[in-house]
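1. quick one, what's the 3D model for this:
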Amino acid sequence: MSAPVPRISSPLAPHEQLLAARHILAREAEALELLSARLDTEFCRAADLLAMCEGNLLLCGIGKAGLIAQKLTATFSSTGTPAHFLHPAEAIHGDLGRVRRSDVVLILSQSGETEEITRILPPLRELGPPLVAMTARRTSSLGKAAAITLELGKLQEACPLGLAPSTSTTAMLGLGDALALVVSQMRGFDQRDFARLHPGGALGRKLAKVEDVMRPLGECRLSSCGLTVRQVLATARMPRRRTGAIMIVDPHGVLRGIFTDSDLARLFETHNDRQLDLPIRQVMTKHPRQVTLGMPLSSALEILAERKISELPVVDAEQRPVGLIDITDVLGMFEERGPLRAAVVTGSAEAAGASTITSPIPISAPSDIGQGNGLHTEEWIISQVEPGMPDMQRPPTGTWIAAGWPEDQNASAGMIYPVGQALADIPAGASPPTVTSNAIPRPNSSAFFGPARTPPRTHA
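-> Residues are numbered from 1 along each chain as shown. Predicted structure coming up:
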């Protein structure tokens, strides 16, 4: 058993470590700039060759260059160019059988003289696929054997010893990415192709169609515009998890409106209980925002965020509902925001610009709000309340929760909520956390000029 390597203190002070790191990054960035400047028609020939390739792209390399080749294999494959990695040592032991004349072989080697690379050049020449080299010199063995050479030029490694591949592998990666993405454009690779090759995870879902994530009609609440509000609520029940909206249709099944939980809450908050016996068509939101089958999910997400709504009907070409996108089903697909700040504000809204901030109170929130950032409470002074603001009813005097994102403070953004109200306006799509003390009545409007991606509230 070998003895453990003794730990020694670093000979570099912290500021020297930072200087060394910045120097290394600057060296590698400079190499990319020089490489960009020296690109010539050889790059165009390589791009044309790959764009017209009827077979597969086979990438080959050994050591660190081989690792870069493996990464580039994934990049080419995911952007529309079928690609596979060919290990040079395995190639001479049978894997050359994967090579076809219709393929293109791209070999990465800084020196162009590595033994494992030079040994496969003769059999590759015999098999006949076009060979593209990415190497420092076109006069190297690899450069001479290739039909096209992407010359990296003379590079000095950023490693203090000048030995560890660093600048050279950065240059290979950058040039390989450039080649892959240019070829992708030449092949007409678009978002639909990208979605087809990336069906998994949040990225794939963002590039999906609305019908891929909507709740089907059988899981939605639907009712007739001829019924009263009370009748609609009685007949549109669901035994399982329900959506926060009822889609209202006419006798022909055409969508005419939507009635949300927030609409119902406002009836009670404004003491308009009598409207429960009015026809639903008089209180529903008419001509609601909607999307049609086949639309990209990204378009639906934009509508949810920009209109600050929680439910979005999906209709067919005849405007008949076929499903509904509920914001709780698309959590994590909105642009990530920083942690939300919240604090208790006392005093009236008229004086909120100079109101007293008391100690922050705890807010219960799921851990996935903000995609892992979590919710925390900090003191944050509301300064958005000014005389003469349009479309806003000023809240009454009392204790309030002030909430907003730190980056919004200079953009007249933020929301305030009475303590005890479910904070349904925390980032778009997040499950509403709650505050559980000193409940006071909620005003008709609590929005203080929130930005486009603040709270989903009522349907508009």
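2. pLDDT weak spots in this structure?
-> Residues of the chain meeting the criterion pLDDT under 70: 1-10, 201-206, 238-242, 332-460.
3. look through it and tell me its longest helix.
-> helix 14-38 (DSSP state H).
4. using the three-state scheme, assign the residue nearest to residue 222 when sequence neighbours are not counted.
-> Among residues not flanking residue 222 along the chain, residue 247 sits closest, at 5.3 Å (CB to CB, 6 or more residues apart in numbering). C-beta: built from backbone N, CA, C; applies to glycine. Following DSSP: H, G, I helix; E, B strand; the rest coil, the label given to residue 247 is strand.
5. please, where are all the helices along the stretch 101-250 of the chain?
-> For the stretch 101-250 of the chain, the helices defined by DSSP state H, counting those that start in this stretch occupy 115-127, 141-145, 167-186, 191-197, 201-206, 210-213, 229-235.
6. so can I have a markdown table of the ones you listed showing mean neighbour count and distance to residue 300?
-> Below are the helices of the stretch 101-250 of the chain laid out as a markdown table (neighbours: other CB atoms under 10 Å; distance: least, CB to CB, whole Å):
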| stretch | mean neighbour count | distance to residue 300 |
| --- | --- | --- |
| helix 115-127 | 16 | 49 |
| helix 141-145 | 19 | 50 |
| helix 167-186 | 20 | 26 |
| helix 191-197 | 14 | 14 |
| helix 201-206 | 15 | 10 |
| helix 210-213 | 18 | 5 |
| helix 229-235 | 17 | 25 |
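7. could you dump those helices into CSV and include distance to residue 284?
-> Shown next, in CSV, are the helices of the stretch 101-250 of the chain (distance: least, CB to CB, whole Å):
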stretch, distance to residue 284
helix 115-127, 70
helix 141-145, 71
helix 167-186, 47
helix 191-197, 34
helix 201-206, 30
helix 210-213, 22
helix 229-235, 9
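8. tell me the buried residues in the longest helix of the chain?
-> The neighbour-count check on helix 14-38 (16 or more other CB atoms under 10 Å) flags 24, 27, 28, 31, 32, 35 as buried.
9. quick check, nearest of these to residue 192?
-> residue 32 (31.2 Å; CB to CB).
10. excluding chain neighbours, what is closest to that closest one?
-> The shortest distance from residue 32 to any non-neighbouring residue, by CB to CB, 6+ apart, is to residue 174 (5.0 Å).
11. surely the one you found is in contact with residue 39?
-> No: with contact defined as CB atoms under 8 Å, residue 174 does not count as touching residue 39 (10.9 Å).
12. and residue 113, how many neighbours does it have?
-> Look at residue 113: counted by other CB atoms under 10 Å, it has 15 neighbours.
13. coming back round to it: any idea how far the residue nearest to residue 32 is from residue 308?
-> The gap separating residue 174 from residue 308 is 41 Å, by CB to CB, to the nearest Å.
14. list the helices and strands the strand or helix carrying residue 266 packs on?
-> Assigned by DSSP states H and E, residue 266 belongs to helix 261-269. Of the remaining helices and strands, those touching helix 261-269 by 3 or more CB pairs under 8 Å, 6 or more residues apart in numbering; DSSP states H and E are helix 229-235.
15. which residues touch the helix it packs on?
-> For helix 229-235, contacts defined as CB atoms under 8 Å, 6 or more residues apart in numbering pick out 223-224, 227, 246, 248, 259, 264, 267, 275-280, 283.
16. which among those residues end up buried?
-> Buried, going by 16+ other CB under 10 Å: 223-224, 227, 246, 248, 259, 264, 267, 275-276, 279-280, 283, out of these.
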